[in-house]
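In: Take this sequence and fold it.
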Amino acid sequence: MSQYIELHPSHPDPRMLAVVVDSLKSGAVIAYPTDSGYALGCAMGQQKPLDRICQLRELDKTHNFTLICQDLAEVSHFAKVDNTAYRLMKKCVPGGYTFILKAGKTVPKSLLPSGKTTIGVRVPDHPTPLALSAQLNEPLVSTTLILPGQDLPLIYPEDIADAIGNQIDVMVDVGYCGFEPTTVVDLSDNVPQILRHGSGDSQFFE
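Out: So this is what the prediction gives:
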């Protein structure tokens, strides 16, 4: 690990965020916090860091990565959002949801394995990923930090550093941020489908 960066959990230092963003633009793999726990991330359109994340987590080429977006405007640039989906999402973001939408033409083919046409998107309720996406000026490619052979993710920055510090480039530490899976909602068709109940209130879609 080349950098260990500690940030305030609610008011991250923009100068330190810029350091993380510069690393992402250079092809870094980072461990960073979200409102549903720590995750692994990299910049879009860079195959090498994506391959490293797959190797680290022992993921196959069909794994569904998620795009971490700063707001709904960014979501609509990378996914197809009709009026119904937009109204539903507007009630829920930022928050503990992952939305499955039809991918737009701007999504790299590497994130659409085996002819897949949908992509997961998130607008998390956590200042760090939102600020990273804003400074990157594009979504962050993300997956939950669950290591091979484990059922639960790593939730303490020190444990993450000890376990995979030599396999990532940047550890973004905001302290303990817990873990609760997101509510996953498929909005790619006319009728919303709840694929997983989690931290986000699912009453909007039932």
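In: ok now do the residue nearest the centre of the chain, which residues does it touch?
Out: The residue lying closest to the centre of the chain (Cα atoms, centre = their mean) is residue 142, at 3.4 Å. Shown in contact with residue 142 (Cβ atoms under 8 Å, 6 or more residues apart in numbering): 34, 39, 40, 41, 65, 66, 67, 68, 122, 129. Bear in mind the C-beta positions are built from the backbone N, C-alpha and C, glycine included.
In: burial measure for the fifth one, as a count.
Out: Applying other Cβ atoms under 10 Å, we find 23 other residues in the vicinity of residue 65.
In: so how far is residue 118 from it?
Out: 12 Å (Cβ to Cβ, to the nearest Å).
In: Likewise for the last one?
Out: Applying Cβ to Cβ, the value for residue 129 to residue 118 is 21 Å.
In: again, but for the second one
Out: Plainly put, residue 39 is 20 Å away from residue 118 if you go by Cβ to Cβ.
In: in the protein, which spans are strands?
Out: Along the chain, counting by DSSP state E, strands occupy 3-6, 30-34, 37-43, 66-68, 79-80, 97-103, 118-122, 140-144, 170-173, 183-186, 193-196.
In: and of those strands, who's closest to residue 154?
Out: strand 37-43 (6.2 Å; Cβ to Cβ).
In: Summarise which helices and strands the closest one is packed against.
Out: helix 14-25, strand 30-34, helix 47-57, helix 127-136, strand 140-144 (3 or more Cβ pairs under 8 Å, 6 or more residues apart in numbering; DSSP states H and E).
In: Mind putting the ones you listed into CSV with mean pLDDT and distance to residue 96?
Out: As requested, the helices and strands packed on strand 37-43 are exported to CSV (pLDDT from 0 to 100; distance: least, Cβ to Cβ, whole Å):
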stretch, mean pLDDT, distance to residue 96
helix 14-25, 97, 22
strand 30-34, 97, 9
helix 47-57, 96, 21
helix 127-136, 97, 13
strand 140-144, 97, 13
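In: Save those as JSON lines, and put in distance to residue 194 too.
Out: Below are those laid out as JSON lines (distance: least, Cβ to Cβ, whole Å):
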{"stretch": "helix 14-25", "distance to residue 194": "32"}
{"stretch": "strand 30-34", "distance to residue 194": "20"}
{"stretch": "helix 47-57", "distance to residue 194": "25"}
{"stretch": "helix 127-136", "distance to residue 194": "23"}
{"stretch": "strand 140-144", "distance to residue 194": "19"}
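In: surely residue 24 meets residue 40?
Out: No: Residue 24 is not in contact with residue 40 according to Cβ atoms under 8 Å; the separation is 11.9 Å.
In: overlap in contacts of those two?
Out: residue 30.
In: distance between the ends of stretch 21-35?
Out: 19 Å (Cα to Cα, to the nearest Å).
In: Return the set of buried residues in it.
Out: For stretch 21-35, the neighbour count (16 or more other Cβ atoms under 10 Å) marks 21, 23, 24, 28, 29, 30, 31, 32, 33, 34, 35 as buried.
In: Tell me how far that stretch lies from the chain's centre.
Out: Centre-to-centre, stretch 21-35 and its host chain are 11 Å apart (Cα atoms, centre = their mean, to the nearest Å).
In: Which pLDDT value belongs to the closest residue to residue 36 other than its chain neighbours?
Out: Leaving out its chain neighbours, the residue that sits closest to residue 36 by Cβ to Cβ, 6 or more residues apart in numbering is residue 182, at 5.1 Å. Residue 182 is assigned a predicted lDDT (pLDDT) of 96.
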